[in-house]
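# this is the structure alone, sequence omitted:
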């Protein structure tokens, strides 16, 4: 079982992240599922009627605007980082939190490493599925890399000079 970081603690994963080629016919009615955006587009009405929890995941080339108005339908929104160097999901996180007011779990998935956690948290992420070959307990320390921030962000809307 995979372990993730959520709300500053390492916990056992309870959600099932479905691959892009998943078909609606193969879905369980009662499991907590994070479905790919394409499956949500095609079967939104039926997915909302399921008994289990519902989440969606966006790849880095998919826009937050595609689910912005439906964001409150999801308990989890996962944003994929296909490579450490691909930062487009940072922008999607800010849009979901700041423009669309998403209050549920915002999870980073994919090539997520310790060095990113502090900055991901600043953009609104509160859960992190660390890359499988990395230790989540060690990565958890990345959330404490800095004690003071200067810039405004999702986690602190005022810059340092306004907080004095």
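Structure received. If you're wondering where the values come from, they're calculated on a predicted model, not measured in any experiment. Residues are numbered from 1 along each chain as shown.
# which residues of this protein fall in helices?
37-48, 88-94, 114-122, 136-140, 160-163 (DSSP state H).
# ok, residues contacting the helix or strand of the chain with the lowest mean pLDDT?
Lowest by mean pLDDT, DSSP states H and E among the helices and strands of the chain is helix 160-163, with a mean of 90. Residues from elsewhere that reach helix 160-163 (CB atoms under 8 Å, 6 or more residues apart in numbering): 148, 149, 150, 151, 152, 156. Just so you know, the C-beta spots here come from the backbone N, C-alpha and C atoms, and that holds for glycine as well.
# which stretches of the chain have low pLDDT?
The chain contains residues with pLDDT under 70 at 1.
# what residue lies at the spatial centre of it?
Centroid-nearest residue in the chain, with CA atoms, centre = their mean: residue 107, separated by 2.0 Å.
# for that one, what are its contacts?
4, 6, 34, 55, 76-79, 125-129.
# one step back: and the least confident helix or strand of the chain, how far out from the chain middle?
Relative to its chain's centre, helix 160-163 lies at 28 Å (CA atoms, centre = their mean, to the nearest Å).
# show me where this protein has strands.
3-6, 9-12, 16-17, 33-36, 54-58, 76-81, 105-110, 127-128 (DSSP state E).
# so which of those comes closest to residue 24?
For the strands of the chain, proximity to residue 24 was assessed by CB to CB; strand 33-36 is nearest, at 9.0 Å.
# just checking: what are the partner strands of the closest one?
strand 16-17 (parallel), strand 54-58 (parallel) (DSSP bridges).
# for it, give me every contacting residue.
If you take CB under 8 Å, 6+ apart as the criterion, strand 33-36 is touched by 15-20, 22, 27, 47, 50, 52-57, 59, 76, 78, 107.
# count of neighbours near residue 59?
If you count neighbours by other CB atoms under 10 Å, residue 59 ends up with 19.
# I misspoke; the intended subject was residue 133.
5.
# wait, which of the strands paired with strand 33-36 is closest to residue 97?
Taking those one by one with CB to CB, strand 54-58 is closest: 13.9 Å.
# list the contacts of that closest one.
Outside strand 54-58, the residues touching it (CB under 8 Å, 6+ apart) are 15, 17, 32-37, 40, 47-48, 64, 66-67, 73-80, 89, 92, 105, 107, 109.
# could you give the angle of that strand to strand 105-110?
Counting by axes from the mean of the first three to the mean of the last three CA atoms, to 10 degrees, strand 54-58 points 40 degrees away from the direction of strand 105-110.
# fine by me, we can end here.
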